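# Could you look at this predicted model? Sequence included:
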Amino acid sequence: MTEAAPERESTGDDALVEVRNLRKYYDDGGGLLDRVLGREATSVKAVDGVSFDVREGETLGLVGESGCGKSTTGETLLRLREATDGTVAFDGENVFDLDDESMSSFRRRAQIVFQDPFSSLDPRMTVGAIVAEGMRIHGLPKSDPTVATAAELTVEDGVDRTVEVSVADDLDRVVEAEEGVARVPVSVRKREADEEGGYEATVDSHADLLDATVEEREADLHVEVTVTGSDGAIRKKRAGDLLERVGLSADQVDRYPHEYSGGQRQRVGIARALALDPEFIVLDEPVSALDVSVQAQVLNLLDDLQDDFGLTYLFIAHDLSVVRHICDRVAVMYLGKVAELGPTDQIFENPDHPYTEALLESVPRAEVGEQGRRVSTLAGDVPSPRNPPSGCRFRTRCPKVIPPEDVEIDQDAFREVMNLREEVEAGNLDPDEVRETEPAAYRKEAVPGIAGENAGVVDEALEAVADGDFETAAETLRDRFETVCETTPPDDAPDADGEVVACHLHD
Ligand SMILES: Nc1ncnc2c1ncn2[C@@H]1O[C@H](COP(=O)(O)OP(=O)(O)OP(=O)(O)O)[C@@H](O)[C@H]1O
């Protein structure tokens, strides 16, 4: 196991979700190269010790390049994947240590909306069934619908009346009652054919859910109106209500996902997440698969729903421009770790971590005045999460990697030296090429910005490369150019304000 962030207390009483040192390693039998070389399999360190809170009622953004572990973090903290290490507390209770009953409650209270609205909805189920499925699994509604309502009134034979029906709390949405009372028209008719002079009653409103029974009591009639819809009918009605709430039509509960556009399907996915009245929703790239024109509508819907239902969101996105307008705070992830976490404005206007700066630089600017600006994209590829760099994970790409105190060197040149060191340590240079070019000439090409003693050390290392001795070359370079960024992991535990800047420049 790698470096562990020190345990810290919660960053405030208002934390709904507290993630501490969360790790998720995938032991998938190793990569292709491991197998070809017969090497021992190394696990993918998808999430490698992350700590943050999601505060009640806020939207916390989780951003970073593809593969940095955002989805794995979201899925592991919901216990959809088994964590390798760490804890997650939801409303004060450790999610990884819940008994069956508490787990069932957690499954209701914490939901997820997936990125791809095409693959996340079962094509064989109607949208009504998709939205209602969670209710069915959790045995909702809990109340017995046949005893949920009762109304008494005295009616005369053949008179149409409206009765007031009191409705149990959890059924009020079903019959659209106000303050638990629904007004339901009832028609009562004398059944002429009935030898016993019985009565029949029909209920006009919500006929699929309500029924009336009529019995004779002395000279009057006693009408009892009850909700008799099956649980399934009630769930279907609620599914219809939820579809309306997310901007679709309740009449469409019997349609199938393929009849909808991407944006509409994502609305179905959102309705499904809402069906169990959750408090917390992980939104995993909820608009990334949608047309730009539709993205804003879905983001606005999510915003409205948050206000209406008092929801807390963890909003996962690789696109920084999306999180800016919806998030209160943003956590920036890199290679399984949190690099920076802070209020959204601070992250966007005054980022402290070189990775955050680089990410922001690589966002295309919409503003006309900024369109001609040179966009400096992040140099190099993200290293493999099977074997992440020691110390600070971003050091292999960081434009601000810190030179040793006793070495005088220009920042850009130090970056070039570090790139050369990577190549030497990986054995990627061709000794023949270095020999033929001659080490000093090779150095001038690879690291043009150095001179004097620094140049002498690099030449010496390249001479060892020319002899095929990569080990000596690597050692020579390390002796002179070893940086704190590679020897010491930066502190990535949230501070008292819940903020993180995991960078030695910030120490
Ligand atoms: N089931 C799995 N088995 C092995 N490795 C996995 C598995 N799922 C994800 N990974 C790896 O874990 C790392 C993190 O993946 P994850 O999907 O969490 O990242 P992400 O930031 O959400 O990226 P994206 O935006 O592309 O989904 C990646 O290297 C990925 O290849």
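On my side now, so go ahead. Residues are numbered from 1 along each chain as shown.
# Check which residues of stretch 339-350 are buried.
For stretch 339-350, a neighbour-count test (16 or more other CB atoms under 10 Å) marks Ala339, Glu340, Leu341, Gly342, Pro343, Thr344, Gln346, Ile347, Phe348 as buried. C-betas here are computed from N, CA, C, even on glycine.
# Cross those residues against strands and list the overlap.
With DSSP state E as the criterion, strands contain Ala339, Glu340, Leu341, Gly342, Pro343 from among the buried residues of stretch 339-350.
# And the fourth one, what's its pLDDT?
Which is Gly342. With respect to pLDDT, Gly342 has a value of 97.
# Which parts of the chain belong to which domain?
In terms of domains, the chain is parsed into 145-233, 403-482 (source: automatic domain parsing).
# what's the neighbour count on Met103?
Using other CB atoms under 10 Å, Met103 has 12 other residues around it.
# what residues are up against it?
Met103 sits next to Arg79 when contact means CB atoms under 8 Å, 6 or more residues apart in numbering.
# in what helix or strand does it lie?
Using DSSP states H and E, Met103 sits within helix 100-109.
# Output the below-cut-off pLDDT ranges for the stretch 51-200 of the chain.
141-200 (pLDDT under 70).
# Would you mind listing what in it touches the ligand?
Gly64, Ser66, Gly67, Cys68, Gly69, Lys70, Ser71, Thr72 (CB under 6 Å from any ligand atom).
# Closest to Leu276 out of these?
Using CB to CB, Ser71 comes nearest to Leu276 of these, at 21.5 Å.
# from what I can see that closest one touches Leu283, true?
No: with contact defined as CB atoms under 8 Å, Ser71 does not reach Leu283; the gap is 11.3 Å.
# Looking only at neighbour counts, state which of these two leads.
Leu283 (28 against 22).
# Close to the ligand: what parts of the protein are there?
So the chain meets the ligand at 26, 28, 44, 46, 64, 66-72, 318, 385 (CB under 6 Å from any ligand atom).
# Could you find which two of these are furthest from each other?
Asp28 and His318 (22.6 Å).
# Give the full set of residues in contact with the residue in the stretch 351-500 of the chain that the ligand sits nearest to.
Nearest residue of the stretch 351-500 of the chain to the ligand (CB to the nearest ligand atom) works out as Pro385 at 4.6 Å. Going by CB under 8 Å, 6+ apart, Pro385 touches Val44, Lys45, Ala46, Asp48, Gly67, Gly69, Leu335, Gly336.
# Also Ile112?
Gly74, Glu75, Leu78, Leu80, Ala273, Ile281, Val282, Leu283, Asp284.
# what sits up against stretch 274-283?
Contact with stretch 274-283 is made by 16-17, 54, 74-75, 77-78, 90-91, 107-113, 131-132, 134-135, 138, 140, 238-239, 242, 245-246, 273, 302, 305, 309-316, as judged by CB under 8 Å, 6+ apart.
# List only buried entries from those.
If we count by 16+ other CB under 10 Å, the contacts of stretch 274-283 have these buried: 16-17, 54, 74-75, 77-78, 90-91, 107-113, 131-132, 134-135, 140, 238-239, 242, 245-246, 273, 302, 305, 311-316.
# pLDDT at Ala379, what is it?
For Ala379, pLDDT reads 76.
# cool, Leu221 as well?
pLDDT at Leu221 comes out at 46.
# quick one: low-confidence ranges for the stretch 351-500 of the chain?
363-377.
# what's the burial count for Pro354?
Quick note: Pro354 (other CB under 10 Å) scores 21 neighbours.
# what about it, distance to Cys485?
10 Å (CB to CB, to the nearest Å).
# shared neighbours of those two, anything?
By CB under 8 Å, 6+ apart, the residues touching both Pro354 and Cys485 are Cys398.
# And the longest helix seen in the chain, what's buried?
If you go by DSSP state H, the chain has its longest helix at helix 292-309. Residues Val294, Gln295, Gln297, Val298, Leu299, Leu301, Leu302, Leu305, Gln306 are the ones in helix 292-309 that count as buried (16+ other CB under 10 Å).
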